[in-house]
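Visitor: okay, here's the prediction I keep looking at, along with the sequence it came from:
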Amino acid sequence: MAVKALHAISQGRNGVGAFILQCKRIDLHYCDWAGSSRGMNGFIKSLLPKFAAAHPEIEFTISPRPAKHPVAIGHYINGRSKPICVRNMEPYEILKKLELLRDASGEKLKKVTKPVRSINESVRGIWSPYHGNGMPL
């Protein structure tokens, strides 16, 4: 009986086996004429083909925006979007920003009140080596 009860309690509920990338589309806007888009133009010509080939699950759209600063906009499956202005950035800096958009969840930033979020709260709390007899400092 105890084994069946433990088996029922320890079912995975966090979606480990079914990872879904939250970013579904990235829009890149640039200007052919403006100097602030120089890094974006270099990124589109040199680094974007490799980045797009490495991430076929993300749709990339590139569109010119005359007389505007370059912008990268990430669209997520929860319906939110996150724009990042990339004016006067080098191509590798823009690559880092696109990786940030790719890895983001699209959720609003929230203040963390408790360091651990779980469905099953711990009865004893979070373990620390300084509790109990502890370690001398």
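Guide: Structure received.
Visitor: which residues of the protein fall in strands?
Guide: Under the criterion DSSP state E, the chain carries strands at the ranges 23-30, 59-64, 71-76, 81-85.
Visitor: list the buried residues in the second one.
Guide: Going by neighbour count (16 or more other CB atoms under 10 Å), nothing in strand 59-64 comes out as buried. Placement of C-beta: from N, CA and C, glycine included.
Visitor: now do it: everything it contacts.
Guide: For strand 59-64, contacts defined as CB atoms under 8 Å, 6 or more residues apart in numbering pick out 24, 25, 26, 27, 28, 29, 30, 31, 32, 44, 48, 52.
Visitor: before we move on, what about the shortest one?
Guide: Outside of strand 81-85, the residues that reach it under the criterion CB under 8 Å, 6+ apart are 69-76, 97, 100-101, 104, 106.
Visitor: let's see that with 7 Å instead.
Guide: 69, 71, 72, 73, 74, 75, 97, 101, 104, 106 (CB atoms under 7 Å, 6 or more residues apart in numbering).
Visitor: strands paired with that strand, and their directions?
Guide: With DSSP bridges as the criterion, the sheet partners recorded for strand 81-85 are strand 71-76 (antiparallel).
Visitor: now the partner strand: average pLDDT?
Guide: Mean per-residue pLDDT for strand 71-76: 97.
Visitor: with just CA atoms, put it into CSV.
Guide: Output in CSV follows, covering the C-alpha atoms of strand 71-76 (Å, rounded to 0.1, in the frame of the first residue of the first chain):
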residue,chain,number,x,y,z
VAL,A,71,13.9,47.3,-32.7
ALA,A,72,13.6,43.6,-32.0
ILE,A,73,10.2,42.5,-30.8
GLY,A,74,9.5,39.0,-29.3
HIS,A,75,6.0,37.6,-29.5
TYR,A,76,5.1,34.8,-27.0
